[in-house]
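# coordinates for the following, if possible.
(4 chains)
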2 protein chains.
Amino acid sequence: MYSSELIKGTLKTIVLKLLSESDKMYGYEITQKVKELTAGKILLTEGALYPTLHAMEAEGILTAEAVNVGNRIRKYYSVTKTGKKIAKEKVNEFEDFMNTMIFLLGLKPKIG
Amino acid sequence: MYSSELIKGTLKTIVLKLLSESDKMYGYEITQKVKELTAGKILLTEGALYPTLHAMEAEGILTAEAVNVGNRIRKYYSVTKTGKKIAKEKVNEFEDFMNTMIFLLGLKPKIG
DNA sequence: TTATATACCTAATATTCTTATGTATATAAT
DNA sequence: ATTATATACATAAGAATATTAGGTATATAA
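Below you'll find the predicted structure:
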C-alpha cells in the first residue's frame, strides 16, 4: 500500500479509465478490480469513492442505474459520451505528467 | 500547467529530490528551478511551498539557515541525514507507483 | 452464531492546496 | 519620476479531497 498522499488526485482518473473499458461497473466492483489489478497496492476507500461517483454523476460524466441483485441493491455506473472524452484527457494528462516527473526526479524513462 | 489535483501529493517528493541533489536551496529558488526544469508545466505556489518547508524543518527532515543577501533575507534549506533517507524512499515509492499506474491505465511501459 | 464478504451511504475530521493578502527591496520600463 | 515586474519571505481564509468511523442490510463460510 502506497502512502495516501501519493494517490491523492488520481481517483477520478482511475475510475474513469476502468469504467471506460467496461460497459458498466458498480462501486464495490471498482474497489475490488483496482485491488486485484494493483496486487493490493492501491486500495480505494468507500468514503472517497462513493462521493466521487455521485459528484461525477451530477456533472454528467457518469450515468447510474440501480439494480436489484437478489435482495441487495447495486448501482451500476456507465461513462457518458462527455465522460469518455474526459477520461481520455485525464489519462493523457497523467501520462504527460509522469514523463515530466521522470525527468524532474532523474528516473530512467519508461513510457514511450 | 497540469490540473492541480494531478500534482497533489507530489510536492514533498519534488522538493526533497531537488534539495538532495544540491548543497542548499532557498524557497524562491526551488520554485524557479522546478518551473525551469518542467518548462512551466509544474508551478509551485508559495502558499503550498512555504508551509511545507516549515513542516519538514519541524520534522527534522530539513535544516534552515537565514542569510542576508544585500538587504533581503533568504532562508536556505538543506536535507538532513534522515531527510536524505526519506527522499530516496519517496522517489522509489513514486517510481513504483508510476509503474502500477502505467499498468492500471494500460499505458506503454517506460521506466526500466 | 460469529466472522467475513457483499453493497450501499454519510458525517466529522484531517490534510493539503488555492487564492488572497501582507511586507519589503531591487530593477527594468515608460 | 513612477509604475510594473522580479525577488523573497510569510500567513490566513476557504476549497477540495481524503481518512476514519459509523450506520444499514443481506449472504455465506467457519
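# pretty sure residue A:43 is touching residue A:35, no?
Yes. Under the criterion of C-beta atoms under 8 Å, residue A:43 is in contact with residue A:35, at a separation of 5.8 Å. Placement of C-beta: from N, CA and C, glycine included.
# for residue A:68, grab the count of nearby residues.
Using other C-beta atoms under 10 Å in any protein chain shown, residue A:68 is surrounded by 8 other residues.
# so is the helix or strand harbouring it next to DNA strand D?
Assigned by DSSP states H and E, residue A:68 belongs to strand A:62-69. No. Among the residues of strand A:62-69, none lie within reach of DNA strand D under C-beta under 7 Å from any atom of the strand; the closest is 8.7 Å away.
# that strand: partners in the sheet, and parallel or antiparallel?
In the sheet, strand A:62-69 lines up against strand A:72-79 (antiparallel) (DSSP bridges).
# before we move on, what SS does residue A:48 have?
Following DSSP: H, G, I helix; E, B strand; the rest coil, the label given to residue A:48 is helix.
# how about the contacts made by it?
The neighbourhood of residue A:48, defined by C-beta atoms under 8 Å, 6 or more residues apart in numbering or on different chains, consists of residue A:11.
# what about the nearest residue to residue A:8 once chain neighbours are set aside, how many neighbours?
Counting by C-beta to C-beta, 6 or more residues apart in numbering or on different chains, residue B:9 is the residue found nearest to residue A:8 once chain neighbours are left out, at 4.1 Å. Neighbours of residue B:9 under the rule other C-beta under 10 Å: 19.
# got a pLDDT number for residue B:9?
Looking at residue B:9, its pLDDT is 90.
# so it sits against residue A:97, correct?
No. Counting by C-beta under 8 Å, residue B:9 sits too far from residue A:97 to count as a contact (11.9 Å).
# dump the residue contacts of residue A:105.
Contact partners of residue A:105, counting by C-beta under 8 Å, 6+ apart, are B:13-14, B:17, B:91, B:94-95.
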